[in-house]
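> Show me the folded form of this:
(one chain, ligands or ions: 2)
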Amino acid sequence: MADIRSRLRDVSQIPPLPESVEYVLKAMRDPQVSAKDITEVISKDVAMSSKLLKVVNSAYYGYRGNITSVTHAIVMLGFSTVKNLILGLAVSSLMGNVESSSEFDLKEFWLHCIGVGSTAKVVARKMGFREEEEFFIYGLLHDVGKILFYQLERDSFLELLRDARAEERPFWQIELERGLFPHTSIGYELFTFWKMPERLVNVVAYHHDWEVGENDKEVKVIWLADVLTRMFSIGENGAGNFVDDNEMVRVRELFPDALEEDSDFRREIEEEMNKAEVFWEILRRGGA
Ligand SMILES: [Fe+2]
Ligand SMILES: [Fe+2]
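Numbers count the residues shown, from 1 in each chain. Ligands and ions are numbered 1, 2, ... in the order given. The predicted structure follows:
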């Protein structure tokens, strides 16, 4: 297990991002790159642009077939939303075609991720944060380290899942207790290597750390959304949907009504889940 960090340092273990996505990341760092430059690069990547148009024309945005080009998508949704969406789609595609095993059902895992994304939108709305679309992508990608953990150290990963289920405690707590290199750090290494935007890297690295979340709104929203998604049993992160007392207390403090049956909160999450169906279709087919 100790060598997972060094294996991550071995670049050959890390899947490369498509060139078009590298370009989008460059554009996020470099304000000189224009929407026109991005449009050209993305339009040439047939797989990416067709996935992008599929999402844009789905119930998620509600344009229902009216958007026919990348340029049009940028005009309608804004440059920043499209860039984030591309990152979400690219990582999902790369990570989506990992095989399930009897103990780690990838479909349930992705449902957990879409659940955290959808819940994050509702949490952000309730807390008065505007960038709902960004929060969805942060939620979708927050547990990316788990997929890589599973790919690189399958036996150790499955053992941790078993222990979490047997002890009825959250997975991250078992990782912490054993002093392992956790999925949050694996995700951090991966996203740093890919030069992902800093806010996204922080979410991946600290989404189980409330102390960081108190001063970082993105981390805070995903922390809460992850706990709520476990409480509502939306999907399953492979380790059972256990929450600890501390998590429970914080959620109840901030959203006292959320856990009541038929609460508005729950209904809003369900609506968001329905809208996000297109992501589920993309992931269910192994990112194809
Ligand atoms: Fe996590
Ligand atoms: Fe999670």
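> so residue 104 touches residue 161, yeah?
Yes. With contact defined as C-beta atoms under 8 Å, residue 104 reaches residue 161; the gap is 6.3 Å. Every C-beta, even on glycine, is put in place using the N, C-alpha and C of the backbone.
> Any buried residues in the helix or strand residue 36 falls within, and which?
Assessed by DSSP states H and E, residue 36 sits inside helix 35-44. Neighbour-count burial for helix 35-44 flags 35, 38, 39, 41, 42 (criterion: 16 or more other C-beta atoms under 10 Å).
> so what's residue 266 up against?
Residue 266 sits next to 232, 258 when contact means C-beta atoms under 8 Å, 6 or more residues apart in numbering.
> Buried ones in the one helix or strand it maps to, by neighbour count?
Following DSSP H and E, one finds residue 266 within helix 264-275. For helix 264-275, the neighbour count (16+ other C-beta under 10 Å) marks 265, 266, 268, 269, 272, 273, 275 as buried.
> Need those residues in CSV (columns: pLDDT and distance to ligand 2).
Listed next are the buried residues of helix 264-275 as CSV, based on pLDDT from 0 to 100; distance: C-beta to the ion, whole Å:
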residue, pLDDT, distance to ligand 2
265, 92, 18
266, 93, 18
268, 96, 19
269, 96, 15
272, 96, 16
273, 95, 15
275, 93, 20
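> list the contacts for residue 20?
41, 42, 44, 45, 48, 86.
> can you do 6 Å?
Shown in contact with residue 20 (C-beta atoms under 6 Å, 6 or more residues apart in numbering): 41, 42, 45, 48.
> Could you dump those residues into TSV with pLDDT and distance to ligand 2 added?
Shown next, in TSV, are the contacts of residue 20 (pLDDT from 0 to 100; distance: C-beta to the ion, whole Å):
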residue	pLDDT	distance to ligand 2
41	92	32
42	92	29
45	92	29
48	91	26
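> wait, isn't residue 82 in contact with residue 76?
No. With contact defined as C-beta atoms under 6 Å, residue 82 and residue 76 do not form a contacting pair (9.1 Å).
> Which of these two has more residues huddled nearby?
Per other C-beta atoms under 10 Å, whichever of residue 82 and residue 76 has more neighbours is residue 82, with 23 against 14.
> Tell me if that one really is in a strand.
No. Counting by DSSP: H, G, I helix; E, B strand; the rest coil, residue 82 falls outside a strand, being helix.
> Now it: closest residue in space that isn't a chain neighbour?
Leaving aside its chain neighbours, residue 82 sits nearest to residue 74 (5.1 Å; criterion: C-beta to C-beta, 6 or more residues apart in numbering).
> what does residue 134 give?
Leaving aside its sequence neighbours, residue 134 sits nearest to residue 84 (C-beta to C-beta, 6+ apart; 5.5 Å).
> confidence score at that neighbour?
Confidence at residue 84, expressed as pLDDT, is 92.
> which regions of the stretch 1-150 of the chain sit below the pLDDT cut-off?
1-2 (pLDDT under 70).
> what does it have sitting close to ligand 2?
Within reach of ligand 2 by C-beta under 5 Å from the ion, the stretch 1-150 of the chain has these residues: residue 143.
> Could I get the phi/psi values of the residue in the stretch 1-150 of the chain that ligand 2 sits nearest to?
Ligand 2 sits closest to residue 143 of the stretch 1-150 of the chain, with a gap of 4.3 Å, by C-beta to the ion. Note on residue 143: backbone dihedrals following degrees, to the nearest 10 are phi -100, psi 20.
> Walk me through the domains of this protein.
17-96, 99-288 (automatic domain parsing).
> what distance separates the start and the end of the shortest one?
Read it as domain 17-96. Domain 17-96 has an end-to-end distance of 13 Å (criterion: C-alpha to C-alpha, to the nearest Å).
> oh, and call the first residue 7 from now on, that's how I've got it
Right, with 7 as the first residue, what we last looked at is domain 23-102.
> coming back round to it: please identify every residue contacting each of residue 110 and residue 167.
residue 244.
> Just say helix, strand or coil for the closest residue to residue 33 other than its chain neighbours.
Spatial nearest neighbour of residue 33, excluding adjacent residues (C-beta to C-beta, 6+ apart): residue 39 at 3.8 Å. Using three-state DSSP, the secondary structure recorded for residue 39 is coil.
> where does the residue nearest to residue 285 when sequence neighbours are not counted fall, phi/psi-wise?
Spatial nearest neighbour of residue 285, chain neighbours left out: residue 120 (5.5 Å); criterion: C-beta to C-beta, 6+ apart. Phi and psi for residue 120, reported as degrees, to the nearest 10, are phi -70, psi -40.
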